[in-house]
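>>> Provided below are the primary sequence and the corresponding predicted coordinates.
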Amino acid sequence: ETGVTQSPTHLIKTRGQQVTLRCSSQSGHNTVSWYQQALGQGPQFIFQYYREEENGRGNFPPRFSGLQFPNYSSELNVNALELDDSALYLCASSWSSLAYEQYFGPGTRLTVT
Amino acid sequence: GENVEQHPSTLSVQEGDSAVIKCTYSDSASNYFPWYKQELGKRPQLIIDIRSNVGEKKDQRIAVTLNKTAKHFSLHITETQPEDSAVYFCAATGNQFYFGTGTSLTVIP
């Protein structure tokens, strides 16, 4: 059984650019959730994907979008990057949208300059 | 939506002492309450969780208590060790996770 993986580890982008972050869920898990963690803060829920459909969204603007693929891996896309988007982006997987145990990946550190 | 408050924000204890971290939540529909430990530069790791139909759960030196009426839950770590030093996050969830702001625990050898 493999754990949750994310790529890339670190990323530096310029304000106004677009970025795509990737997440591979843990073996057997069909649900992926994305979180933004600012320095010194708790993770903030962005959205969740269950069987390739968005299954809940937090208080983030539409320029944050996502996808889930048939193998349950997922992408987070952020358009028109702003300085405040600089954060650690975490994905977490679980075996069902109704199950609650979530297991986190190592995160992608995004810096917007 | 849900609002999760966590206290204290920092906590220092002597090795061997106990540590208690408290969280309150606002949404009575929340029914699952996990605790995560996050070491510097690492991913959050689930250390213990409790569901709304249980009042207390223990796993070796770690325990969690839940008071549904008062809408608060607590993490208890006994016989603390230096490797317990980390940031601890509580969360409350119904259809999505709401995390607290974290408690930085330092265990002094």
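Sure thing, it's come through.

>>> and stretch A:18-37, anywhere near chain B?
Yes: Stretch A:18-37 is in contact with chain B by C-beta under 8 Å from any C-beta of the partner chain, via A:Ser33, A:Tyr35. (Each C-beta comes from the backbone N, C-alpha and C, glycine too.)

>>> hey, where'd the strands end up in chain B?
B:5-7, B:10-14, B:19-24, B:32-38, B:45-51, B:56-59, B:62-67, B:72-77, B:86-93, B:97-99, B:103-108 (DSSP state E).

>>> which helices and strands sit right next to the fifth one?
Taking 3 or more C-beta pairs under 8 Å, 6 or more residues apart in numbering or on different chains; DSSP states H and E as contact, the helices and strands that strand B:45-51 lies on are strand B:32-38, strand B:56-59, strand B:62-67.

>>> by how many degrees do it and strand B:72-77 diverge?
Angular relation of strand B:45-51 and strand B:72-77 on a 0 to 180 degree scale: 130 degrees, by axes from the mean of the first three to the mean of the last three C-alpha atoms, to 10 degrees.

>>> and the residue of chain A nearest chain B?
A:Gly42 (3.4 Å; C-beta to the nearest C-beta).

>>> what's the neighbour count on that residue?
Neighbourhood size, A:Gly42 [other C-beta atoms under 10 Å in any protein chain shown]: 22.

>>> with A:Val32 instead?
Neighbours of A:Val32 (other C-beta under 10 Å): 30.

>>> who in chain A is up against chain B?
Checking chain A against chain B by C-beta under 8 Å from any C-beta, the hits are A:4, A:33, A:35, A:40-45, A:48, A:56, A:58-59, A:90, A:100-107.

>>> again, 10 Å this time
A:3-4, A:6, A:33, A:35, A:37, A:40-48, A:55-59, A:88, A:90-92, A:97-107, A:109 (C-beta under 10 Å from any C-beta of the partner chain).

>>> let's see the ChimeraX selection covering just the buried ones among those.
Buried subset of these, written as a ChimeraX selection, criterion 16 or more other C-beta atoms under 10 Å in any protein chain shown:
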select /A:4,6,33,35,37,42,43,44,45,46,47,48,55,57,58,88,90,91,92,97,100,102,103,104,105,106,107,109
